[in-house]
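sequence and predicted model, in that order:
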Amino acid sequence: MADENFVNKVETADNNSNMNEEINDKNFNEDLNELEKEQQSQENDKNDEAPDYENLYNELQKKYEEKEKQVNEYIDILKRTMADFDNYRKRTNKEKESIYDDGIMDAVKNILPVFDNLERALEYNNENQSLIEGIKMVVKLFKDIMAKMNIEEINALGEKFNPELHNAVMHVEDESFGENEVIEVLQKGYKYKDKILRYSMVKVAN
């Protein structure tokens, strides 16, 4: 009888042990499943929080292209502004130069008749040598000033008649001269740079 009770106790203990093992295994599996779910949840959270680098790159690229376009527009505006200013400066300088040249030409045109009379005075015989010397000095002074002002006498005598430089007021037939040759200068002509101040008044042969 005692042995039977002992056996029963042993069997009961074994059963309890087996039940405990099953419970422990169940608890372990539940804990393991719970841990896996938690890890999976954390992985999902990490994936949700990870930046979308492709979209970020596309957005930055788009912003860069917009800024580049804006910069190029500013550069074009600057270039046009600089070109307009350069044209304005050239036009203004040209206008100033033209006004200056016109002023020089008007002033010289008014002085040329005086210069003509001084040169004619030297062609006449005059016993007053001091007067002649004084006129020569004034004529030389005129020529020096005109040379500094880029005023040149137009070559005419012996040249072929050129309507852009000469004004023919007389025409003669003379076989000793060439065709359309200027044989006499009645009034000297002058030019300022590439502009005619006064045409040479000439006599032309043939």
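Great, that's in hand.

give me the element the closest residue to residue 168 other than its chain neighbours is part of.
Nearest-residue entry for residue 168: residue 204, 4.6 Å, with adjacent residues in sequence omitted and distances by CB to CB, 6 or more residues apart in numbering. The C-beta positions use only the backbone N, C-alpha and C, and glycine is treated the same way. Taking DSSP states H and E as the criterion, residue 204 maps to strand 200-205.

how close does the most centrally placed residue in the chain get to residue 177?
By CA atoms, centre = their mean, the chain has its centre lying nearest to residue 83, at 4.6 Å. Distance, residue 83 to residue 177, by CB to CB, to the nearest Å: 56 Å.

ok, now residue 103?
40 Å.

ok, the strand holding residue 204: who's next to it in the sheet?
Here strand 200-205 has these sheet partners by DSSP bridges: strand 166-172 (parallel), strand 181-187 (antiparallel).

most packed of these?
strand 181-187 (a mean of 17; mean count of other CB atoms under 10 Å).

so which of residue 103 and residue 177 has more stuff around it?
Under the criterion of other CB atoms under 10 Å, the comparison of residue 103 against residue 177 puts residue 177 first, with 15 against 10.

so how far is residue 160 from that one?
Applying CB to CB, the value for residue 177 to residue 160 is 11 Å.

what is the lengthiest helix in the chain packed up against?
Using DSSP state H to define each element, the chain has its longest helix at helix 53-123. With contacts defined as 3 or more CB pairs under 8 Å, 6 or more residues apart in numbering; DSSP states H and E, helix 53-123 has these neighbours: helix 129-148, strand 190-192, strand 195-198.
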